[in-house]
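In: Here is my input, please return the structure:
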Amino acid sequence: MVIVDNKQALDLELAKAKRTLVLFYASWCPHCIRFIPLFKEKTADLTLSIVQVRMDDYDSPLWDDYEVATVPTVILFEDRKVSRRLDSLPGNCIKDEKFTAWLQEIK
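Out: Take a look at the predicted model:
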């Protein structure tokens with residue numbers, strides 16, 4: 001798993017694989033802090049590229065480029081394009097059951 005914090009680094013990672021699962025998160029977000037261990041556990045056996053994007057910079061173009069309105073947000077990229085996404089709701093974390101079901105859909 002790779003951790004990046006800017007568009008250039010993310011673009012490089014997306015270019016390396018046909019399918020890439022990306023977690024957009026912020027280190028200050030309590031929902032992200034709870035979700036990251038679940039994300040790591042549930043994605044450990046996946047055969048696709050996994051990237052975490054730290055969104056601590058409010059001025060980062062990544063917020064707008066990928067329409068990340070809330071963190072955590074998980075996006076599946078196929079051929080460097082957004083294929084599927086799972087956005088958290090404002091003030092809520094992505095629940096285990098919802099994330100597990102979503103992962104089953106993308107396999």
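In: Report the separation between the closest residue to Leu14 other than its chain neighbours and Asn6.
Out: Distances taken as C-beta to C-beta, 6 or more residues apart in numbering place Arg80 nearest to Leu14, at 4.6 Å, with adjacent residues excluded. All C-beta atoms are positioned from the backbone trio N, CA, C, and that covers glycine. Arg80 sits 16 Å away from Asn6, going by C-beta to C-beta, to the nearest Å.
In: Give me the phi and psi angles of the residue nearest to Leu14.
Out: The phi and psi values for Arg80, taken as degrees, to the nearest 10, are phi 70, psi 10.
In: quick one: low-confidence ranges for the chain?
Out: For the chain, not a single residue meets the criterion pLDDT under 70.
In: By residue count, which helix of it is the longest?
Out: Longest helix in the chain, counting residues (DSSP state H): helix 30-43.
In: quick one: buried residues of it?
Out: By neighbour count on 16 or more other C-beta atoms under 10 Å, the buried set for helix 30-43 is His31, Cys32, Phe35, Ile36, Leu38, Phe39, Thr43.
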